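# generate coordinates for the sequence data below:
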Amino acid sequence: MFRRLLLVCCSLLASCSRSAQPEALVIESRSLADNPLGDHTQRRVAVFSPESAKRGSALPMVIYLPGWGSSSENFLAPGGGAAFTQLVEELAKSGLALRIAVVDGRSRFGGSQFVNSAATGRYADFVADEIAGLLEKDYPAPSRWIAGHSSGAYGALRLAMDRPEVFSAVVALSPDSDFDVTHKPLVQQPDVQRLTAAQVAAAQAPRGQHRLPGGLGELVLGLCANYCPSAPGRFDWLYDAEHRWRADVWQRWLDADPLTLVRRKADAFAPTQAVYLDGAEFDEFGANIGARKMFEVLRERKSPVTFYESPGHHGDRIAERFGRGLRWVFGSKAAR
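Residues are numbered from 1 along each chain as shown. Next up, the predicted model:
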């Protein structure tokens, strides 16, 4: 009797283990081919489906962009996808069956902000053209949404603005925005300001010859590469050779700020796009401030938009917050 019970328990555990693993799709990217940093072009996409869903069944597809330094590989690691596996199952049981696809948008510096940049590569095209097309072959979708957290939420907002024909809704959790609040305190830290011209040049050297400074300086170098490209593999730095602030380069950062874009462009989002904005109450970087400001602008324009200030800090309760955003989008007729 005990042996039989043990066999049943092992079988159940094995079944749970299998269902907890997302499917890994491999893509050899054309968009990232010959990228100026020499970063790898073969990437994996982690696809989460409800256990009850058949492979060819048509379900809404949500492409999720992780925060800086994270990627689909974190979700494909043993146990790394547990929260999203649980999320898609809970949503399916509540009547919202969908799929979530997590992508890899890392660059030499840790992140790409999922934009096209001459300094790093065509990451916006990689997501909107290649990954979206790859998923459509095996997972037909009546609608496609874009989502992300932190720098991934920045990318989600930019892709939703630039590719409304691809993404009918966006869920942005603690997005990088309102750069005077979220980014300026970071880029003016002494460790960043002290980087020498030689260190900045070494970070831009060809693959195999480059050297990165690590820490906050490396993050800011990567953001500059995404916001301020000057030539293939090259970008403008925020400080001159004497470590003096360059207001013209900072203005280019502000020009890439989602809050700036929403304020400048009355048609930043299509009238039919649903926009879910989230910011943590005690966000260490103040990302909730920019999200609320974007909400206030879009609300005045009668856009299908909402804002939720979640409890906790910047990286807390991501799956829970994500699920709340997906439920709101599903209830919005604009996202259909």
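# only C-alpha atoms for contact and neighbour calcs from this point on.
OK.
# where in the stretch 1-150 of the chain is pLDDT low?
1-20 (pLDDT under 70).
# for the stretch 1-150 of the chain, what spans make up the strands?
Here the stretch 1-150 of the chain has its strands, by DSSP state E, counting those that start in this stretch, at 23-28, 42-48, 61-65, 99-102, 116-117, 121-122, 144-149.
# which one of the ones you listed lies closest to Val200?
strand 116-117 (17.6 Å; Cα to Cα).
# report pLDDT for the nearest residue to Trp328 once chain neighbours are set aside.
For Trp328, the nearest residue in space outside its immediate sequence neighbours is Tyr276; the separation is 7.6 Å by Cα to Cα, 6 or more residues apart in numbering. Tyr276 is assigned 98 on the pLDDT scale.
# next, Tyr276: secondary structure please.
At Tyr276 the chain is in strand, as set by DSSP: H, G, I helix; E, B strand; the rest coil.
# doesn't Gly323 make contact with it?
No. Using Cα atoms under 8 Å as the test, Tyr276 is too far from Gly323 to be in contact (11.3 Å).
# could you check which of these two has the larger neighbour count?
When Tyr276 and Gly323 are compared for neighbours, Tyr276 comes out ahead with 25 against 17, by other Cα atoms under 10 Å.
# contacts only, for the more buried one.
In this structure, Tyr276 makes contact with Ala169, Val170, Val171, Ala172, Val305, Thr306, Phe307, Gly325, Trp328, Val329, judged by Cα atoms under 8 Å, 6 or more residues apart in numbering.
# which ones among the residues you listed map onto strands?
Per DSSP state E, strands hold the following members of the contacts of Tyr276: Ala169, Val170, Val171, Ala172, Val305, Thr306, Phe307.
# at which residues are the helices of the stretch 201-336 of the chain located?
For the stretch 201-336 of the chain, the helices defined by DSSP state H, counting those that start in this stretch occupy 215-227, 247-255, 258-264, 287-300, 318-331.
# using TSV, please lay out these together with mean pLDDT.
Shown next, in TSV, are these (pLDDT from 0 to 100):
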stretch	mean pLDDT
helix 215-227	97
helix 247-255	98
helix 258-264	98
helix 287-300	97
helix 318-331	96
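# now for the contacts of Tyr276: which two are most distant?
Spatially, the most separated pair among those is Ala169 and Phe307, at 14.0 Å (Cα to Cα).
# ok, Ala124 touching Asn116?
Yes. Taking Cα under 8 Å as the definition, Ala124 is a contact partner of Asn116 at 5.3 Å.
# okay, the two: which has more neighbours?
Ala124 (23 against 19).
# against Ala132, how distant is the more buried one?
11 Å (Cα to Cα, to the nearest Å).
# one more: Arg30?
13 Å.
# out of those two, which sits in the more crowded spot?
Counted by other Cα under 10 Å, Arg30 and Ala132 do not tie: Ala132 has more neighbours, with 20 against 14.
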